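> Could you work out the structure for the sequence below:
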Amino acid sequence: GRGRPHEVRAADAALMAVAIAVPAIALTVSVMAGTFALVGR
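This is a model prediction of the structure:
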């Protein structure tokens, strides 16, 4: 567990990146879909 702090840090960074990227992508897709819906009309 505490033998390799670098690996733990990397895994932590990856989890944080995913936790931030998933909602950000969902929000971007939602905004893009709304924009296309408005432009379509």
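
> Every contact and neighbour count from this point should use C-alpha atoms.
Noted.

> list the contacts for residue 39?
The neighbourhood of residue 39, defined by Cα atoms under 8 Å, 6 or more residues apart in numbering, contains no residues.

> And it, which helix or strand is it part of?
Using DSSP states H and E, the element containing residue 39 is helix 5-40.

> next one: that helix to chain centre, how far?
Taking the mean C-alpha point of helix 5-40 and that of its whole chain, the gap between them comes to 2 Å (Cα atoms, centre = their mean, to the nearest Å).

> what about residue 8, how many residues close to it?
A count of nearby residues for residue 8, using other Cα atoms under 10 Å, gives 13.

> do you know how far it is from residue 39?
46 Å (Cα to Cα, to the nearest Å).

> Repeat that for residue 12.
Taking Cα to Cα as the measure, residue 12 falls 40 Å from residue 39.

> now stretch 26-41, how far from the chain's geometric center?
Per Cα atoms, centre = their mean, the displacement of stretch 26-41 from the mean C-alpha position of its chain is 18 Å.

> Any buried residues in it, and which?
Neighbour-count burial for stretch 26-41, counted by 16 or more other Cα atoms under 10 Å, picks out no residue.

> And stretch 10-23, by the same measure?
For stretch 10-23, burial by neighbour count (16+ other Cα under 10 Å) applies to no residue.

> so where's this protein shaky on pLDDT?
For the chain, applying pLDDT under 70 flags the ranges 1-3.

> Most distant residue from the centre of it?
What lies farthest from the middle of the chain is residue 41; by Cα atoms, centre = their mean that is 30.2 Å.

> Identify the residues contacting that residue.
The contact partners of residue 41, taken as Cα under 8 Å, 6+ apart, number zero.
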